[in-house]
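Asker: Need the 3D shape of this:
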Amino acid sequence: MRFLRSSSFWIKSTQALLLAIAVCFSLGASNTSARYNDLNHRLMCGCGCNQLLGECNHVGCPASPAMLQELSKYLQAGLSDQAILTKFANEYGMTVLAAPPKSGFNLVAWIAPFAVLAAGLLGTILLVRRWSIGASGDAAAAAAEAKATPELDPLRERIRRETGAEGDN
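Answerer: Down below sits the predicted model:
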């Protein structure tokens, strides 16, 4: 009976801990600075430096200050993350997004690398299997042919004498 009470205590304590962790994470989700940091790492700088907007560090960048200010304005207006990303994509083009959207033709950008990797792996496996089957088949055929031709025995003997090979074949 005492065991059941102690296990019940631990179960309830674990549930309370998980609830506290969930509350902490949900509080951080509504934090504007956390959203600002997340969004500026999901956008590319518009100056062509190929860096994330939040990490564009070259001196005198003509695009990043204006884009960061625009991002702050959208966050203060209360727009959702998706609405902000859509506004930036409409204004600067789809290249402003650090990752392509997972819909439509852009889905190819997510699927193609894995498909090419799988096709290459499959091709390699099939090629190695073919080589291993061919090599073992060729070796067996050569061994059978070598044993089946007694007229080559004098030639083999001469080769062994000249090369100093002492084979059992």
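Asker: Give me the below-cutoff pLDDT ranges for this protein.
Answerer: For the chain, the stretches with pLDDT under 70 are 1-7, 22-30, 135-148, 166-169.
Asker: okay, now the domains of it?
Answerer: With domains defined by automatic domain parsing, the chain comprises 2-103, 109-163.
Asker: roughly how far out does the longest one sit from the chain middle?
Answerer: What that stands for is domain 2-103. Distance, stretch centre to chain centre, for domain 2-103: 21 Å (Cα atoms, centre = their mean, to the nearest Å).
Asker: Would you mind measuring from residue 21 to residue 14?
Answerer: 11 Å (Cβ to Cβ, to the nearest Å). For every residue, glycine as well, the C-beta is placed using N, CA and C.
Asker: Same question for residue 134.
Answerer: From residue 134 over to residue 14 (counting by Cβ to Cβ), the distance is 60 Å.
Asker: moving C-terminal of the helix or strand containing residue 19, what's the next helix or strand?
Answerer: In this assignment (DSSP states H and E), residue 19 forms part of helix 2-29. The element immediately downstream of helix 2-29 (helix or strand, assigned by DSSP H and E) is helix 32-40.
Asker: Mind giving me the packing neighbours of that following helix?
Answerer: Applying 3 or more Cβ pairs under 8 Å, 6 or more residues apart in numbering; DSSP states H and E, we find helix 32-40 packed against helix 64-76, helix 81-92.
Asker: and the residue located most distally from the centre of the chain, what does it touch?
Answerer: No residue in the chain sits farther from the centre than residue 154, which is 61.7 Å out by Cα atoms, centre = their mean. Not one residue lies near residue 154 by Cβ atoms under 8 Å, 6 or more residues apart in numbering.
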